[in-house]
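>>> can't give you the sequence, but here's the structure:
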């Protein structure tokens, strides 16, 4: 088990290096010189050169291989790529160009508001999706089932943005059931009225795709041999569904559920933006609008790390449940 | 199954598709969208979206303006038509780009294995571990308004180009994994071994023998990824990372977010309907096509 864990951890190393390399390519190589953006248009070239030197942007982009061949290891290591690696791996993302705040602090502040929106939406959403899907699969081909299938395809085709705008303008603006937008200081029960509508919209938006997916998963199980055996033994339809099919369908369902969890930390880009919830999604869009490159860089890297961490956790859970996994 | 009775694989799949009326209707709607796109490109008697008429601002739908007018008195119907061009162009080019990259990488990784497989697997595992929306935002953000020279040619990436490059360069991962898995299955089959024994080069085996056997996966993914790209284009344009100065469904929705509070619903309704019908028909057509192209599913039903 321990050996398996260590091996899995080693698999992650090249991927984390890859993510850092991609952010370097995007934000440093393709993106160009950040000093021109930070210094503003009135900076003299001497001031810019000073800034470049301060941030290390006057060093070569890539490791100079020539210096390595000459045995100059220090000169070889002194380049922007290695510096970028060192900074990202130690979570030194620097400061936001817009707010001049430390990015790591901004991320810490954004996680809780994001979670206050995504966790309830996720739990309610999953519960509804699976319940409806089970009903559909149980009464496959019935009128209820057919209506739900049609409705879920319609729901999947509706643009998410339009749903949010309509919900905000109609349910909050016209009917005044919810506050139009806003978020209280500090996290407490006071957030409930402010996240209620975004949570509702998030649940509605995910319903179509979710129901369709889980319905297919459950129906796939009903074609398995053990179902025929159970029926041949004389087990009733209810017993087959709840005693056999659902138990086995839990494996793909749990896989699907766990994979979504890391994204909860990143919040919901559009919902947070529309309802002014100061989470990570809001932070990202704000950074895109004001071209705050270091923030986008940091969020990309942290988002990927959270995803990898959750994936590792899933695999470990499988290994705990199924001893065959560790032997592979 | 006798070939002469059923026709080839593609012909029999096609017959299976046209047996379903809803698939045929969906295909007709999809073709209408394509026709509108081509029509806008030709510019032949296309409706005028640029003329501003402030006296006509926020005019509700009427005989003269089918979908009403926007804040500058421009015709919303014409804007919707022009938005179709942006959405379909972006989705089409991004799908082809992602399809070609995914297909070639998947085949190479699956057939050769070893170092090439490790490299490609590493590349897509890395891309996959970055949450998709973050990835396309980062790509679109970095690519917009870029100039660069390559082999003496000068390129300028602006507006729509940044969008389809961002979507195409990031969207190939799912297809690549599918193709790689399928290619690994086929790699040691008898027909591949025998053609290798006859002295066929690896490239000939990949493109003459493996490609036709995995190509149905490309078609199946195509319709689903097409919908994804249309929705992504809308979101990117909405966030200001997409096209500028040209009507787009995303920009229309962006305008509509404040209009709706004033009771101006027609611009949002037009853009929503345009997105809705192409997504719906692609879903229905794509599902039918998948069932028809996947022989395993087809046999199960009979």
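Received, thanks. Since we're looking at a predicted model, the values are computed, not measured. Residues are numbered from 1 along each chain as shown, chains lettered A, B, ... in the order given.
>>> tell me the secondary structure for whichever residue of the stretch 1-150 of chain A sits closest to chain B?
Evaluated by CB to the nearest CB, the stretch 1-150 of chain A has residue A:18 as its residue closest to chain B, separated by 3.3 Å. Backbone N, C-alpha and C define where each C-beta goes, glycine included. Going by DSSP: H, G, I helix; E, B strand; the rest coil, the secondary structure assigned to residue A:18 is helix.
>>> measure it to residue B:243 for me?
Distance, residue A:18 to residue B:243, using CB to CB, to the nearest Å: 31 Å.
>>> centre-most residue in the chain?
Picked chain A for this. Nearest to the mean C-alpha position of chain A, by CA atoms, centre = their mean, lies residue A:263 at 2.5 Å.
>>> oops, wrong one, chain B.
Judging by CA atoms, centre = their mean, chain B has its centre closest to residue B:226, at 2.7 Å.
>>> ok, the host helix or strand of it near chain A or not?
Taking DSSP states H and E as the criterion, the element that holds residue B:226 is helix B:211-238. Yes - counting by CB under 8 Å from any CB of the partner chain, contacts between helix B:211-238 and chain A involve B:227, B:231, B:234-235, B:238.
>>> just the helices in the stretch 1-150 of chain B please.
Assigned helices in the stretch 1-150 of chain B, in chain order: B:3-6, B:9-18, B:21-42, B:76-112, B:114-129, B:132-143 (criterion: DSSP state H, counting those that start in this stretch).
>>> returning to what we had before: can you redo the residues of helix B:211-238 next to chain A as CSV, where the extra columns are distance to residue B:169, pLDDT and neighbour count?
Output for the residues of helix B:211-238 next to chain A, formatted as CSV (distance: CB to CB, whole Å; pLDDT from 0 to 100; neighbours: other CB atoms under 10 Å in any protein chain shown):
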residue, distance to residue B:169, pLDDT, neighbour count
B:227, 19, 92, 20
B:231, 18, 90, 22
B:234, 19, 88, 30
B:235, 17, 87, 21
B:238, 21, 85, 23
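>>> got the phi and psi for the residue nearest to the centre of chain A?
Geometry field for residue A:263 lists phi and psi as phi -70, psi -20, criterion degrees, to the nearest 10.
>>> that one contacts residue B:130, doesn't it?
No - judged on CB atoms under 8 Å, residue A:263 makes no contact with residue B:130 at a distance of 11.5 Å.
>>> what sits in contact with each of the two?
With contacts defined as CB atoms under 8 Å, 6 or more residues apart in numbering or on different chains, the residues adjacent to both residue A:263 and residue B:130 are residue A:307.
>>> buried residues of whichever strand or helix holds residue A:8, list them for me.
Secondary structure assignment for residue A:8, by DSSP H and E: helix A:2-24. Within helix A:2-24, the residues that qualify as buried are A:12, A:15-16, A:18-24, counting by 16 or more other CB atoms under 10 Å in any protein chain shown.
>>> who in the stretch 1-150 of chain A is up against chain B?
For the stretch 1-150 of chain A, the residues found near chain B under the criterion CB under 8 Å from any CB are A:14-15, A:18-19, A:21-23, A:26-27, A:30-31.
>>> for residue A:318, state which of the buried residues of helix A:2-24 is nearest.
Of all the buried residues of helix A:2-24, the one with the least separation from residue A:318 (CB to CB) is residue A:12, at 16.2 Å.
>>> I'd like to know how far the residue nearest to the centre of chain B sits from residue B:173.
On the measure of CB to CB, residue B:226 and residue B:173 end up 16 Å apart.
>>> so which bits of the stretch 1-150 of chain B are right by chain A?
When proximity is defined by CB under 8 Å from any CB, the stretch 1-150 of chain B lies next to chain A at B:122-123, B:125-127, B:129-131, B:133-135, B:137-139, B:141-143, B:146.
>>> which residue packs closest to the residue of the stretch 1-150 of chain A closest to chain B, ignoring adjacent ones?
Using CB to CB, 6 or more residues apart in numbering or on different chains and skipping the chain neighbours, the partner closest in space to residue A:18 is residue B:126 (3.3 Å).
>>> one step back: any chance of TSV for the buried residues of helix A:2-24, columns distance to residue A:171 and pLDDT?
Written out in TSV, the entries for these read as follows (distance: CB to CB, whole Å; pLDDT from 0 to 100):
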residue	distance to residue A:171	pLDDT
A:12	43	87
A:15	42	89
A:16	43	90
A:18	43	90
A:19	39	89
A:20	43	88
A:21	45	89
A:22	40	88
A:23	39	86
A:24	44	86
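>>> what helices or strands is the helix holding residue B:226 leaning on?
If contacts are counted by 3 or more CB pairs under 8 Å, 6 or more residues apart in numbering or on different chains; DSSP states H and E, helix B:211-238 sits against helix A:160-167, helix B:76-112, helix B:132-143, helix B:160-170, helix B:173-187, helix B:249-259, helix B:266-293.
>>> what parts of the stretch 151-300 of chain B come near chain A?
Residues of the stretch 151-300 of chain B lying near chain A (CB under 8 Å from any CB): B:227, B:231, B:234-235, B:238-241, B:249-250, B:253, B:256-257, B:260-261, B:268, B:271-272, B:275-277, B:279-280, B:283-284.
>>> which of these count as buried?
If you count burial by 16+ other CB under 10 Å, the buried members of these come out as B:227, B:231, B:234-235, B:238-239, B:241, B:249-250, B:253, B:256-257, B:260, B:268, B:271-272, B:275-277, B:279-280, B:283-284.
>>> the residue lying closest to residue B:106 once chain neighbours are set aside: how many residues sit nearby?
Counting by CB to CB, 6+ apart, residue B:179 is the residue found nearest to residue B:106 once chain neighbours are left out, at 2.7 Å. Other residues lying near residue B:179 total 28 when counted by other CB atoms under 10 Å in any protein chain shown.
>>> next: the one 5 residues further on.
For residue B:184, the number of neighbouring residues by other CB under 10 Å comes to 15.
>>> how near is the residue nearest to it when sequence neighbours are not counted to residue B:15?
In space, not counting the residues next to it along the chain, residue B:184 is nearest to residue B:110; the distance is 4.7 Å by CB to CB, 6+ apart. Spatial separation of residue B:110 from residue B:15 under the definition CB to CB is 30 Å.
>>> give me the more crowded residue out of these two.
The neighbour count for residue B:110 versus residue B:15, taken as other CB under 10 Å, is higher for residue B:110 (26 against 12).
>>> so what's that one scoring on pLDDT?
For residue B:110, the pLDDT comes out at 91.
>>> and it, what does it touch?
When contacts are counted by CB under 8 Å, 6+ apart, residue B:110 touches B:117, B:179-184, B:186-187, B:210.
>>> JSON lines for those residues, including pLDDT?
As requested, the contacts of residue B:110 are exported to JSON lines (pLDDT from 0 to 100):
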{"residue": "B:117", "pLDDT": "91"}
{"residue": "B:179", "pLDDT": "92"}
{"residue": "B:180", "pLDDT": "92"}
{"residue": "B:181", "pLDDT": "89"}
{"residue": "B:182", "pLDDT": "89"}
{"residue": "B:183", "pLDDT": "90"}
{"residue": "B:184", "pLDDT": "90"}
{"residue": "B:186", "pLDDT": "88"}
{"residue": "B:187", "pLDDT": "86"}
{"residue": "B:210", "pLDDT": "89"}
